[in-house]
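> Based on what follows, work out the 3D shape:
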Amino acid sequence: MTGNGNDTTGERLNLRSRMFELTHLHPWIERLALRHRIPANTQFAMNLCLEEAISNIIRHGYSGDPDHSIVICFTSPREDYFVFVVEDEAPPFNPVELPELPPLNSLEELAIGGQGVRLLRRFADALEYQETPAGNRLSIGFTVTGSAVAKKSERG
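This is a model prediction of the structure:
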């Protein structure tokens, strides 16, 4: 998913397993968006997906223990495709293999919590998971022209 090894950029953000650390995501993504001319709708999708992935790692993977590392690497193998690779040392968890949740018929059916994987699948263009010797590696890809948010905004 990260291309052919000719990534044009590589930046990383190191976080600790504390919910407060989520406050570092948005400014980092804003800087990346400015530098790489990432449209607002794709930036929104990136923020949403990374916040979901990181908060789930902190709450569920590390069970709130604040002394663990989470590393996010950003690459852009093409000028219209962006990848975030999230690595942690939590017990293995593969969100890609989870079964699809049933469709929601109304907002009343939307439960608080438990929607993270649904959001990742809805707003990311690609998801890949790899169990590592130390934990987990989740790659989340976004295509500017093909993002779910872009498609939705094109339809009006």
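> what secondary structure does the closest residue to residue 131 other than its chain neighbours sit in?
The shortest distance from residue 131 to any residue that is not its chain neighbour, by CB to CB, 6 or more residues apart in numbering, is 4.8 Å, and that residue is residue 92. (C-beta placed from N, C-alpha, C; glycine too.) Following DSSP: H, G, I helix; E, B strand; the rest coil, the label given to residue 92 is coil.
> Packing partners of the lengthiest helix in the chain?
Determined from DSSP state H, the single longest helix within the chain is helix 40-56. Of the remaining helices and strands, those touching helix 40-56 by 3 or more CB pairs under 8 Å, 6 or more residues apart in numbering; DSSP states H and E are helix 25-36, strand 69-78, strand 81-88, helix 116-123, strand 136-143, helix 148-155.
> pLDDT averaged over the second one, what's the number?
When you say that, I think you mean strand 69-78. Averaged across strand 69-78, the pLDDT comes to 95.
> since we're on residue 66, how many residues are nearby?
The number of residues packed around residue 66, counting by other CB atoms under 10 Å, is 12.
> thought it was touching residue 20?
No - the pair residue 66 and residue 20 does not pass the contact test of CB atoms under 8 Å, sitting 9.1 Å apart.
> any low-confidence regions in the protein?
1-9, 98-116, 146-156 (pLDDT under 70).
> Could I get the phi/psi values of residue 21?
Backbone dihedrals for residue 21, given as degrees, to the nearest 10, come out at phi -60, psi -20.
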